[in-house]
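Asker: Based on what follows, work out the 3D shape:
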Amino acid sequence: MVKSMFAGVSGLKAHQQKMDVIGNNIANVNTWGYKAYSFNFQDSIYTTSIQSSGGTGEANTYGGKNPSQVGYGSVMGSISFQYTTGAPSPTDNDLDCMIDGTGLFLVGPMVQGGTIDATEAGIKGSGCYLSRVGIFTIDNNGYLVDNAGNYVYGYPVEVDDQGRIIYYDENGNKSDDPKKGTANVLTDGPLTPLRITVDWQAPNPATGEERDRNVLNSHSIDARGIVTGVNDRGETITLGQLALIAVENPNGLVKDTGYYFSIGDNCGGVTSHQPGGNVGTIRSKYLEMPNVDLANEFSNMITTQRGFQANSKIITVTDEMLQELVNMKR
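Answerer: All right, here's what the predicted structure looks like:
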């Protein structure tokens, strides 16, 4: 009889944990990039009153018997999140980005040496975070950062030893004129924090004199994650490309403070990609809304509340039965 008391208590605890998950989902109904979590029950341990046995089918013997078992209620089986893309919400910031796909941004502090090897070991060992939220701005040193000050990692453009962008014309010849050539994005090399403030021009080939740097008046990011700026001469300068990280098992990600994920031991393969294809494309001037379904959360709240009430009733009835037992001897 006391087993029912234990089952009721375990049911109360499990339903309270589910209500905690529901409450967290509803609290984050307006949090950018939030992924809704779901609570999964599983039944608890069992005691076996009668062991199972198999029949032999021989003369003067009996047939098999099924086991008789009594459980001790329910417990939390797992808490998983739904890794689906939320709805796009338009913004006024040219550098805000939303990932339309499964990829994640790589953000974090400036690593030793300033580069991260674009391999699974390099990304996992970098100490950086993964994020679905692209609230990006430019800091005082010209780096692309998120709203917590973490550097945004991506593929840099090719520069010379003095840090000036190298341009190539259609014949592969180097040029100092952005209108006559394009910058080369180094997608085969390591990932670096993207620095997008100024366009350093090469020396004037006629005089050899150093040109002044051109302050960029505006920036934009296209669907391929290419970051460009427009200088005071109206020239469009390619400054780098965002990198997207693909995780084989997104549910293996470990939620961190804010909207960051750490790479867990059960994430599987972690690879770096250019935006596009299966990993997703970039939607500039949009942010990702949470994928919380309020109607579903409220219906889950009702069933969870009723489950909590039913388990509390089990405890009340069991208590009344124990009271009757105590009152048998007056």
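Asker: so what does whichever helix in the chain runs longest touch, helix or strand wise?
Answerer: Taking DSSP state H as the criterion, the chain has its longest helix at helix 294-326. Where contact means 3 or more C-beta pairs under 8 Å, 6 or more residues apart in numbering; DSSP states H and E, helix 294-326 is packed against helix 2-27. C-beta coordinates here come from the backbone N, C-alpha and C atoms, glycine included.
Asker: Could you point out the helix or strand that follows the helix it packs on?
Answerer: strand 37-43 (DSSP states H and E).
Asker: So in that sheet, which strands flank that following strand, and in what orientation?
Answerer: strand 74-81 (antiparallel) (DSSP bridges).
Asker: Does anything pack onto the next helix or strand after the strand it pairs with? Which helices or strands?
Answerer: For strand 74-81, the succeeding helix or strand toward the C-terminus, using DSSP H and E, is strand 88-90. Strand 88-90 sits against strand 286-288, with contacts defined as 3+ C-beta pairs under 8 Å, 6+ apart.
Asker: for the strand it packs on, what is the average pLDDT?
Answerer: Strand 286-288 carries an average pLDDT of 96.
Asker: Next, report how far that strand is displaced from the centre of its chain.
Answerer: 14 Å (C-alpha atoms, centre = their mean, to the nearest Å).
Asker: ok, now stretch 133-140?
Answerer: For stretch 133-140 - counting by C-alpha atoms, centre = their mean - the centre lies 18 Å from the chain centre.
Asker: pLDDT of that stretch, averaged?
Answerer: Mean predicted lDDT for stretch 133-140 stands at 92.
Asker: partners of the host helix or strand of Ala246, with directions?
Answerer: Using DSSP H and E, the element containing Ala246 is strand 244-247. Using DSSP bridges, strand 244-247 pairs in its sheet with strand 104-108 (antiparallel), strand 270-273 (antiparallel).
Asker: Name the next helix or strand following the last one along the chain.
Answerer: Using DSSP H and E, the helix or strand that directly follows strand 270-273 along the chain is strand 281-284.
Asker: for that next one, packing partners?
Answerer: strand 97-100, strand 214-221.
Asker: ranking those strands by burial, who's on top?
Answerer: Most buried of the helices and strands packed on strand 281-284, by mean neighbour count (mean count of other C-beta atoms under 10 Å): strand 97-100, with a mean of 24.
Asker: Who are the packing partners of that one?
Answerer: Looks like strand 97-100 contacts strand 281-284, strand 286-288 (3+ C-beta pairs under 8 Å, 6+ apart).
Asker: can you tell which of those strands is closest to Asp94?
Answerer: strand 281-284 (6.9 Å; C-beta to C-beta).
Asker: Please name the strands paired to the closest one in the sheet, noting orientation.
Answerer: strand 97-100 (antiparallel).
Asker: picking up where we left off before, what's the average pLDDT for the longest helix of the chain?
Answerer: 93.
Asker: if we can go back for a sec, any chance of a markdown table for the strands paired with strand 244-247, columns mean neighbour count and mean pLDDT?
Answerer: Listed next are the strands paired with strand 244-247 as a markdown table, based on neighbours: other C-beta atoms under 10 Å; pLDDT from 0 to 100:
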| stretch | mean neighbour count | mean pLDDT |
| --- | --- | --- |
| strand 104-108 | 24 | 96 |
| strand 270-273 | 20 | 94 |
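Asker: Tell me which of those strands sits nearest to Asn141.
Answerer: Taking the strands paired with strand 244-247 one by one with C-beta to C-beta, strand 104-108 is closest: 15.9 Å.
Asker: For that closest one, output the C-alpha coordinates as CSV.
Answerer: The C-alpha coordinates for strand 104-108 follow below in CSV (Å, rounded to 0.1, in the frame of the first residue of the first chain):
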residue,chain,number,x,y,z
LEU,A,104,25.4,28.0,-36.3
PHE,A,105,27.7,31.0,-35.9
LEU,A,106,31.1,30.6,-34.3
VAL,A,107,31.7,33.4,-31.7
GLY,A,108,34.0,33.8,-28.8
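Asker: Pull the residues that contact it.
Answerer: 97, 99, 116, 123, 126-134, 146, 150-154, 191, 242-247, 260-261, 272 (C-beta atoms under 8 Å, 6 or more residues apart in numbering).
Asker: at 6 Å what do you get?
Answerer: For strand 104-108, the surrounding residues in contact (C-beta atoms under 6 Å, 6 or more residues apart in numbering) are 128-132, 146, 150, 152-153, 243, 245.
Asker: same thing with stretch 71-91?
Answerer: Contacts for stretch 71-91 (C-beta under 6 Å, 6+ apart): 6-7, 10-11, 14, 17, 35-46, 98, 250-251, 283, 285-291.
Asker: what's the burial count for Thr236?
Answerer: 15 (other C-beta atoms under 10 Å).
Asker: which ones are touching it?
Answerer: 228, 230.
Asker: Next: His273.
Answerer: 244, 246, 279.
Asker: Same check on Gly8?
Answerer: Contacts of Gly8 by C-beta under 6 Å, 6+ apart are 311, 314-315.
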